[in-house]
Each structure stands twice: as structure tokens, then as C-alpha cells.
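>>> Fold the following, please.
(4 chains)
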Number of protein chains: 2
Amino acid sequence: MPLNPADLRRVSVFREATDEDLKLFFSKAILRTVEEGDFFFLQGDPAVYFYILVSGRAKLLQSNTAGQQVNLRTINEWQMFGALGAVKPGAVYPATAQALEPSTALAIESAFLHEALKTRPYLNFGLMQLMTAYIQEMQERYRELATERVERRIALTVLRLASQIGVRAAGNETMIELPLSRQDLAEASGTTIFTVSRVLAEWERRGLVETGRERVLIRQPHGLVQIAEGENP
Amino acid sequence: MPLNPADLRRVSVFREATDEDLKLFFSKAILRTVEEGDFFFLQGDPAVYFYILVSGRAKLLQSNTAGQQVNLRTINEWQMFGALGAVKPGAVYPATAQALEPSTALAIESAFLHEALKTRPYLNFGLMQLMTAYIQEMQERYRELATERVERRIALTVLRLASQIGVRAAGNETMIELPLSRQDLAEASGTTIFTVSRVLAEWERRGLVETGRERVLIRQPHGLVQIAEGENP
DNA sequence: TCCCCTGTTTGCGCTGGCGCAAAGAAGGAA
DNA sequence: TTCCTTCTTTGCGCCAGCGCAAACAGGGGA
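Next up, the predicted model:
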């Protein structure tokens, strides 16, 4: 699959870019290929590059000193990640980026984006939009984690991930396929794989989902929405 | 206390502003006074204004449908808040801002900031710095909430708040005074006032803190750091 | 000074969800 | 096909922390 500068326009931040800018950024980009489970960067590394995921899927995670992990977000094709370093030169990545499948990404030096920001208002706006949306998502998730019970949290997480990285199941309008392990869901909803497993098993008994190894198929999105929102489910 | 445009320079975003810009923003500002417990804005209101706290103290909080609250951040003098609306015109406040003490703030129309951003790179940079720092804090807090036990979370919260809004106790270098109720601490650390009360009582027994009505005095910051970081306290 | 309001403490019981261990599937490699 | 690895399930026990209720205390107003 040969990439060309115009592909960059699929990245939200570059939607308004001129063709010249696209060429310029493209010429500065290095293509990096990463195996499933390997890392684009580690929490604490100097944030020299930012990335644009071209193919595959990745996750941003943070670990505490004991090694326990939480998933901060899941990255889809044509999304930017690791861009915080462009704002604060000399910063380190506050999280780790790990490939969920074999993936490729364009790597561009943060310093280059940093310079570009000075003269291109559309970039500033685009980045701020991204950051704003992300802040809002994190605030919501924080509230959910603090106030909601596990089952609801898992439902909210599954629905959120479905809208972000889910794909419609073949031959069906409403069914959504999620290629995530119990571990991934546990880390994304702030619980353990045991609890996720039990909750999904219960949902399967009720016909809401169908589960498999590293896979969740949502059969009745509406049922999950009810659990996620219901007053006393 | 008469305010003048130069005071705006105490706001991080305006540090690099020209004197003319300060005058301009100042001329657009309305001074709002708010009683303790009252609101600058409510979650869901159209984000027409952003604010700069001039005196007092406030908190940003979010509630879920059942009315349970979480504190997102505590706002000190000369900090901006409610500025997300400037990025997305037509947005609503994603959180509620409530005064912790009698407070005053300058209110400026978001649309004005939005326009100003188009021609003033320093504003873009300043705002992004703020947003970046806030994203990192939220990510950390999210991880803490997901992976740490209550006592450690409370210690982390108290230390964080101490650095953000604490004041040195009179006549002592290391002791820090925090004017927060158990309720505030519970909402900021994602637990209940009962648990906060019990934990603080235990710390007081150990001589780490001194507590009072809506007040915590940190006697041994180092002791709290140990709890916050200790492998197996 | 007393009263009232609001915040805090504490005892008690309970349970949601964690954590381990061990067994059970599902793929992949050879 | 068989073996091995990795992921998932399930039973079981347990306890951290929640939630209620009721008593307690501090501070401000009259």
C-alpha cells in the first residue's frame, strides 16, 4: 500500500492543511512497523516523535510502580498519538503506546510540529480540538470510575470502544465486533479480567453479546445502553 | 481592591501578552462575585464565558445522573477555568464550577477569546500548555483511581491539593494548611467522607496531620509521601 | 450565653468485587 | 495430528471499603 501526502488529510488535525503542508509533513515522516505487543514508545521516554497510525490498532496505557496497567485510550487508523511532546519541548511521554495488532505508523519529529504550530493557526485549532475532546472523555471516565459500579463501567467502556474502534459485523447493521481481550477491557474499565469475564458471561446468557477469544460481538447495543444508563438495573 | 489590566499577567496564559492585549481583555471583562457554595456555571450550560478567579477558591466538579459528585480540580487565584468553550464554539460546560469560599472572578466571553486565538500565537501556546498539564494530571489521577487503594489515593490527593492550593502554616516552614472539608477530599479522591474521616483520624494518631472542621494541617509531608509511594505501607 | 446548623466521628453489618488456583478452550507451530 | 502457549472460565474465600444511623462537636448568629 503506497502512501502519499494526500493520505494525511485523513488525520483530523490536517483536514484544513494546504497541499504544500501535507507534502512537507509527509517528507519529514518515517514509516515505522511494529509487531503485535511491541511498543511505539514507553512512558518516560523523551517525546522526540509524534505518530500517526496508518494501519493496525494500538493502545495508550499507563502503569504504576507495581506494574499494574490502565488503558487510557485505543488508537485507530489515522489518529495522532504521542503529540503532547510537541507542546512542551523536552517533555517525556506520559504513557506507553503498544500495538494491539501488527501496525504501522508515520513518525514525525515533535520539534518539527512545534515549529509548524508557530505559523499555522489551523494546526493549533486542530490540536486543541483533539485535546479538548480528550479532556472531556477523561473527565467522564474519571467520574465513571469514581462513582459507577463495575457492571455499568464495563458497559460504558464497551460502548465507548465500540464507537471508537468497533466494526459492524458482516451481514448485520446493528451488531458490532470488538477485537479486544478480557485483559484489554479490564484495563480500560479499571477492574480485573475475572470480573470482566463474569460480567460478559452473564451478558451472553442474556443474549446481549457473543464472546470469543479476544473478541466481543455486541448483539444488542440497546441492551448495553440500558445497563450503562439504567437507574437500577 | 482595584483591579487593573496588568494584574492579568498573573494568569499563565497571559504571561507573554502585550500591554495592549491585556487592556483589551480587561476591557471585555465583567467582575462576578459569588457566595460560598454558589456556582459560576453549571455542567450543561452553554459555555458563553470563561473565567479568571481573582479572589477566593473554587472547584470544578462533575455529577452523574444519581447526583454523586467527583471533584475534577480545585481552582486557585489567577487561574483560568471554563475555557474549553473557547475551542469549540457552541459547546456547553462539561463540569460545574462552585465557589469554596466567597469568590470573585473576571468573566470574558468565550467567543472573544476564540477570535483572539486566531491572531495571537502566544495565546494558543499558553492554552495548550495548560491543557497538556491538565491532561497529564487527569491521566495520573485516573490511573491512581483504577489501581491504588484508598489510603494511598487519599495521600496522593492531599499532597496534590497541598501543592496546588495549600498555604504554609504560620510560623512553620514545612507544615501546610488545607482549607478543605472531608466531603471535598472524598470527592477529590473518589471515596466517601466516612473513609476519609477514618483515614485522617489514623494519620492524626500517628502524628502526620492535625485535623479540624473543614481543615487539614499537614505536619509531616514526608510521612504522607511515604504512604503515597510506599511499596507496602 | 444559648441554640441551631452543619460538618465530623464512630460503631456495626454487609457485600461487591478482588485474588488465587486450577481447570478448560482455542489457536499456532511443527 | 499433537503439543504448547496463551487466553478464558469458574469455584471459593475473604476483606476493604461502603452505607446507614446515631451521637458528637465546632462555630456563628441572635
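>>> quick one: low-confidence parts of chain A?
Chain A contains residues with pLDDT under 70 at A:1, A:170-172, A:231-233.
>>> how about the residues of it that lie near DNA strand C?
When proximity is defined by CB under 7 Å from any atom of the strand, chain A lies next to DNA strand C at A:149-151, A:190-192, A:194-195, A:212-213. C-beta coordinates here come from the backbone N, C-alpha and C atoms, glycine included.
>>> Would you enumerate the residues in contact with the residue positioned nearest the centre of chain A?
Geometric centre of chain A, nearest residue: residue A:74, 1.9 Å, by CA atoms, centre = their mean. With contact set as CB atoms under 8 Å, 6 or more residues apart in numbering or on different chains, residue A:74 has these partners: A:57-60, A:100, A:161, A:164-165, A:188.
>>> try 6 Å this time
Contact analysis of residue A:74 by CB atoms under 6 Å, 6 or more residues apart in numbering or on different chains lists A:59, A:164-165.
>>> Helices - which of these land there?
Within the contacts of residue A:74, residues falling in helices by DSSP state H are A:164-165.
>>> for chain A, what's the longest helix?
Longest helix in chain A, counting by DSSP H: helix A:121-147.
>>> what is the orientation angle of that helix with helix B:121-147?
With axes from the mean of the first three to the mean of the last three CA atoms, to 10 degrees defining the directions, helix A:121-147 sits at 20 degrees from helix B:121-147.
>>> and stretch A:218-232, does that touch chain B?
No: judged by CB under 6 Å from any CB of the partner chain, stretch A:218-232 stays clear of chain B, getting no closer than 7.4 Å.
>>> So for that stretch, what gets flagged as buried?
Buried residues in stretch A:218-232, defined by neighbour count with 16 or more other CB atoms under 10 Å in any protein chain shown: A:218-219, A:221, A:223-224, A:227-228.
>>> In CSV, list the C-alpha atoms belonging to it.
Taking Å, rounded to 0.1, in the frame of the first residue of the first chain, the C-alpha atoms of stretch A:218-232 are listed here in CSV:
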residue,chain,number,x,y,z
ILE,A,218,-22.4,-6.9,20.5
ARG,A,219,-25.7,-8.3,19.5
GLN,A,220,-27.9,-5.8,21.3
PRO,A,221,-26.3,-2.5,21.7
HIS,A,222,-29.5,-1.2,23.1
GLY,A,223,-29.4,-3.7,25.9
LEU,A,224,-25.9,-2.4,26.9
VAL,A,225,-27.1,1.1,26.7
GLN,A,226,-29.8,0.2,29.2
ILE,A,227,-27.2,-1.2,31.6
ALA,A,228,-25.0,1.8,31.1
GLU,A,229,-27.7,4.3,31.8
GLY,A,230,-30.3,2.4,33.7
GLU,A,231,-31.2,3.7,37.1
ASN,A,232,-31.4,0.4,38.9
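>>> Is DNA strand D within reach of it?
No: counting by CB under 7 Å from any atom of the strand, DNA strand D is not contacted by stretch A:218-232; separation bottoms out at 12.8 Å.
>>> ok now that stretch, how far from the chain's centre?
Relative to the centre of its chain, stretch A:218-232 is centred 22 Å away, using CA atoms, centre = their mean, to the nearest Å.
>>> ok, and what's touching that stretch?
With CB under 6 Å, 6+ apart as the test, stretch A:218-232 has contacts from A:152, A:155-156, A:159, A:162, A:175-176, A:208-210, A:233.
>>> Now stretch A:70-87: buried residues?
So, applying 16+ other CB under 10 Å, buried residues of stretch A:70-87: A:70-75, A:77-87.
>>> That one vs DNA strand D: in contact?
No: counting by CB under 7 Å from any atom of the strand, DNA strand D has no neighbours in stretch A:70-87; the shortest distance is 13.6 Å.
>>> cool, and stretch A:37-48?
No: judged by CB under 7 Å from any atom of the strand, stretch A:37-48 and DNA strand D are separated, with a smallest distance of 7.7 Å.
>>> hmm, that stretch touching chain B?
No: using CB under 6 Å from any CB, stretch A:37-48 stays clear of chain B, with a minimum separation of 10.1 Å.
>>> With only the CA atoms kept, save that stretch in CSV.
Output of stretch A:37-48 as CSV, limited to C-alpha atoms (Å, rounded to 0.1, in the frame of the first residue of the first chain):
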residue,chain,number,x,y,z
GLY,A,37,2.6,-6.4,21.5
ASP,A,38,5.6,-4.3,20.8
PHE,A,39,5.9,-0.6,21.6
PHE,A,40,6.0,2.6,19.7
PHE,A,41,7.3,4.3,22.8
LEU,A,42,7.4,3.8,26.5
GLN,A,43,6.2,6.0,29.3
GLY,A,44,9.1,8.2,30.4
ASP,A,45,11.0,8.2,27.1
PRO,A,46,11.9,11.6,25.7
ALA,A,47,9.0,12.6,23.4
VAL,A,48,11.1,13.0,20.3
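>>> Check the offset of it from the chain's centre.
On CA atoms, centre = their mean, the centre of stretch A:37-48 falls 15 Å from the chain's centre.
>>> Which positions in it come out as buried?
Counting neighbours by 16+ other CB under 10 Å, stretch A:37-48 gives A:40-41, A:45, A:47 as buried.
>>> For DNA strand C, state which of these is nearest.
Set against DNA strand C, the nearest of the buried residues of stretch A:37-48 by CB to the nearest atom of the strand is residue A:40 (22.5 Å).
>>> and the closest one, what is it in contact with?
Residues counted as contacts of residue A:40 (CB under 6 Å, 6+ apart) are A:51, A:97.
>>> does it belong to a helix or a strand, and which?
strand A:39-41 (DSSP states H and E).
>>> before we move on, the earlier item: in TSV: the residues of chain A next to DNA strand C, plus distance to residue A:169 and secondary structure.
Converted to TSV, the residues of chain A next to DNA strand C look like this (distance: CB to CB, whole Å; DSSP: H, G, I helix; E, B strand; the rest coil):
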residue	distance to residue A:169	secondary structure
A:149	28	coil
A:150	26	helix
A:151	23	helix
A:190	27	coil
A:191	26	coil
A:192	28	coil
A:194	27	helix
A:195	25	helix
A:212	12	strand
A:213	16	coil
